[in-house]
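Enquirer: Sequence plus the predicted model coming up.
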Amino acid sequence: MKRRLDLLSVGDGNLDVWMRVPRHTGGLTGGVRETGIVGDACRIGPGGAAANVAIGMARLGARTAFVGAIGDDTPGAQFADNMREHGVDVSHLHVMAGQATSLACMFETPDREYAFYVCPGPRSIPSHRLPSGFVRSARILYVTGHVLTEEEATCDVIIDAMATARDAGVTVALDPGKYWLNPSLESRVHEAVKLTDIILPNRMEAERLTGRRTPRDAAGDLLAAGVGIVAVTMGDGGCLAACADRMIERSAYRTGIVSTVGAGDAFASGMLYSFLAKESLEDMASFANAAAAIKIGTPGAAEGMPGADEVRSFLRVNA
């Protein structure tokens, strides 16, 4: 079956404001204010793991769509316009009347210390935004735990979409994210794992999902649960990738770091793109690490997501 989309990304979308600052505020209280912290770089654009991966895959050359929720305000319009500019289909985006779009402000120092300020907006995704025909039109359905655990109704819609995808032979990929922030729905993430073909946790998420203390043990448990491919990111330690017959580790590439915001999303984009290219597990891990390495050389989140030729060139130089 020829599918219209390479990736349908479902989850969180916000307008991101990223600024590089020399230091963080001293936190003075009692009405005493400093003169202000002066940054030397700023980026404003779409963000959130699901939106970033949709952009990352589009930059690599894939046909992508994003489904999430925004408000009918100026930041929401800017988010949608920017996604379209990146080549992402937002025809099924859920725009909620009278709601404010999620806004995430990130302040990063040169030594990569972060301060995040988030004003959450709508997260509801109704079933008519994920009709079965649209889900079946993709080669990969990518879901983030941020929205999977937002509310019961949206969780049901997404679990149903994952089941529909599985039945249609669509590969299901899951990024658990900070799923534990809503304990009442944490069990639903384990339900989602059973419908997952590729899981993309960071080290902490993998260990929390399984109760295991090492990425290798966690990956083993996830494979035993029925996941086909496990890719665990380990920051500057690189990644661990595993499938039924082997488990490998790949070191991170040593490059100049400007901002690590969005590095995990660049990794996920690279992993999924390489998977669609039917590359080996080893090549998938190397391609994903290279995509992340290129991204961290650029300020902001979605900025710096590389094209496929750029990743291939990087791999040749760093072979």
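Expert: Received, thanks.

Enquirer: Centre-most residue in this structure?
Expert: A49 (3.0 Å; Cα atoms, centre = their mean).

Enquirer: Okay, and the beta partners of the residue nearest to that residue when sequence neighbours are not counted?
Expert: Nearest non-adjacent residue to A49, counting by Cβ to Cβ, 6 or more residues apart in numbering: T144, 4.7 Å away. For every residue, glycine as well, the C-beta is placed using N, CA and C. Going by DSSP bridges, T144 is paired in beta bridges with D175.

Enquirer: Which residue ranges of the stretch 1-150 of the chain form helices?
Expert: Secondary structure of the stretch 1-150 of the chain by DSSP state H, counting those that start in this stretch: the helices cover 49-60, 74-85, 132-136, 145-148.

Enquirer: residue contacts, the residue nearest to the centre of the chain?
Expert: G11, D12, T144, H146, D175, G177, G264, D265, A268 (Cβ atoms under 8 Å, 6 or more residues apart in numbering).

Enquirer: Can you add pLDDT, neighbour count and distance to D73 and give these back as a markdown table?
Expert: Converted to a markdown table, the contacts of A49 look like this (pLDDT from 0 to 100; neighbours: other Cβ atoms under 10 Å; distance: Cβ to Cβ, whole Å):
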| residue | pLDDT | neighbour count | distance to D73 |
| --- | --- | --- | --- |
| G11 | 91 | 29 | 20 |
| D12 | 88 | 25 | 17 |
| T144 | 92 | 30 | 22 |
| H146 | 82 | 23 | 20 |
| D175 | 95 | 26 | 27 |
| G177 | 84 | 25 | 24 |
| G264 | 93 | 22 | 28 |
| D265 | 94 | 29 | 24 |
| A268 | 98 | 28 | 28 |
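
Enquirer: Columns distance to A62 on top of the residues you listed, output as TSV?
Expert: As requested, the contacts of A49 are arranged in TSV below (distance: Cβ to Cβ, whole Å):
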residue	distance to A62
G11	17
D12	20
T144	17
H146	22
D175	16
G177	21
G264	18
D265	14
A268	12
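
Enquirer: Return the closest of the residues you listed with respect to E113.
Expert: Of all the contacts of A49, E113 sits closest to G264, with 17.5 Å by Cβ to Cβ.

Enquirer: and the closest one, what element?
Expert: helix 263-276 (DSSP states H and E).

Enquirer: Show me what secondary structure element comes after that helix.
Expert: Counting by DSSP H and E, what follows helix 263-276 is helix 281-295.

Enquirer: Just the CA atoms of that next one, as CSV, please.
Expert: Output in CSV follows, covering the C-alpha atoms of helix 281-295 (Å, rounded to 0.1, in the frame of the first residue of the first chain):
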residue,chain,number,x,y,z
LEU,A,281,20.4,-0.9,13.6
GLU,A,282,24.0,0.3,13.7
ASP,A,283,23.5,2.8,10.9
MET,A,284,20.2,4.0,12.4
ALA,A,285,22.0,4.7,15.7
SER,A,286,24.9,6.5,13.9
PHE,A,287,22.5,8.6,11.8
ALA,A,288,20.5,9.6,14.8
ASN,A,289,23.6,10.5,16.8
ALA,A,290,24.8,12.6,13.9
ALA,A,291,21.5,14.5,13.5
ALA,A,292,21.6,15.3,17.2
ALA,A,293,25.2,16.4,17.0
ILE,A,294,24.5,18.8,14.2
LYS,A,295,21.5,20.2,16.0
